[in-house]
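Q: Just a sequence and a predicted model for now, questions to come.
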Amino acid sequence: MDGNRRWAKTRGLPKALGHAAGSRKVRAIVKACSDQGIGYLTLFAFSTENWRRPLEEVSGLLGLLSIYLQKEIGSMNARGVRLRVIGDTSKFDARVQALIRDAQASTAHNTTITLTLALNYGGRWDVLQAVKAWQLAHPDQSVDALDEAGLDTFVQMADCPPPDLMIRTGGESRMSNFLLWQMAYTELYFTDLLWPEFTPDALAQAIAWYAQRDRRFGGESTLPAPLALNKAS
């Protein structure tokens, strides 16, 4: 969800208002995904690299997160949204950790859509923690015994299907350490729209683009073969 700060800058506003505008956008996009029958939506809300930002900005981001976790639970339950969080949440203060636990518990029974927030998350961290978790679960085995299927069970989001489509707003064309293991065959969609400008209509355009993709997964084309010309006619 890139572009909050640039959105604010172009309007002569402080960064905090850009992040607030981005936070308000989340509800509309979650609703649009739910309405279209999308079962899983993952939002990269706070990366392991975001700690490098100015302290005031980081504090503002965590403040917005706290507000979101408190204000949106009623709406999530009304729409059947199950909230889950991935990332190293131990780095947050006790209050934020408690809000995360309470929000996940309050929505655990919902089944319409699973909304995952990636908080203090990084793809490299994810792979590293998965290897450590595998080794802890198999103390008598060498790492030589670890294979892709084994690692799959320990990465974050192991209980969710691999992402089909990754949408990045803000005009950048990179993955920025997001779900590196899980997105090996994900279709990547980049848009110049800044996150506060991203609408349900823009989401529909991204989905329409995805629908035209030929997802071969290293194999044969899944698209219908072109009609052969009848040379006898």
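A: Good, I have the coordinates.
Q: Looking at the protein, which helix is longest?
A: Longest helix of the chain, by residue count under DSSP state H: helix 15-35.
Q: Contacts for it next, please.
A: 1, 3-9, 41, 43, 57, 60-61, 64, 67-68, 72, 75, 79-81, 112-113, 115, 195-196, 198-200, 203-204 (Cβ atoms under 8 Å, 6 or more residues apart in numbering). C-beta coordinates here come from the backbone N, C-alpha and C atoms, glycine included.
Q: can you check stretch 59-69 too?
A: Against stretch 59-69 from outside (Cβ under 8 Å, 6+ apart): 15-16, 19-20, 23, 26, 45-46, 50, 53, 92, 95-96, 99-100, 102-103, 119.
Q: Kindly report the same for stretch 40-55.
A: Stretch 40-55 is contacted from outside by 1, 26, 29-30, 33, 58, 61-62, 65, 86-88, 91, 113-122, 125, 157, 160-161, 163, 176-179, using Cβ under 8 Å, 6+ apart.
Q: one more time with 7 Å
A: 1, 26, 30, 33, 58, 61, 65, 113-122, 125, 160-161, 163, 177-178 (Cβ atoms under 7 Å, 6 or more residues apart in numbering).
Q: CA atoms only: put the longest helix of the chain into PDB for me.
A: The C-alpha trace of helix 15-35 is given here as PDB (Å, rounded to 0.1, in the frame of the first residue of the first chain):
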ATOM      1  CA  LYS A  15       2.800  12.700   6.400                       C
ATOM      2  CA  ALA A  16       0.500  11.700   9.200                       C
ATOM      3  CA  LEU A  17      -2.600  12.800   7.200                       C
ATOM      4  CA  GLY A  18      -1.400  10.800   4.300                       C
ATOM      5  CA  HIS A  19      -1.200   7.700   6.400                       C
ATOM      6  CA  ALA A  20      -4.600   8.400   7.900                       C
ATOM      7  CA  ALA A  21      -6.000   8.700   4.400                       C
ATOM      8  CA  GLY A  22      -4.500   5.400   3.500                       C
ATOM      9  CA  SER A  23      -5.900   3.800   6.700                       C
ATOM     10  CA  ARG A  24      -9.400   4.900   5.700                       C
ATOM     11  CA  LYS A  25      -9.000   3.300   2.300                       C
ATOM     12  CA  VAL A  26      -8.600  -0.200   3.800                       C
ATOM     13  CA  ARG A  27     -12.300  -0.700   4.600                       C
ATOM     14  CA  ALA A  28     -13.500   0.000   1.100                       C
ATOM     15  CA  ILE A  29     -10.900  -2.300  -0.500                       C
ATOM     16  CA  VAL A  30     -11.700  -5.100   2.000                       C
ATOM     17  CA  LYS A  31     -15.400  -4.700   1.300                       C
ATOM     18  CA  ALA A  32     -14.800  -4.800  -2.500                       C
ATOM     19  CA  CYS A  33     -12.700  -8.000  -2.200                       C
ATOM     20  CA  SER A  34     -15.400  -9.600   0.000                       C
ATOM     21  CA  ASP A  35     -18.100  -8.600  -2.500                       C
END
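Q: where's it relative to the chain centroid, distance-wise?
A: Relative to its parent chain, helix 15-35 has a centroid offset of 13 Å by Cα atoms, centre = their mean, to the nearest Å.
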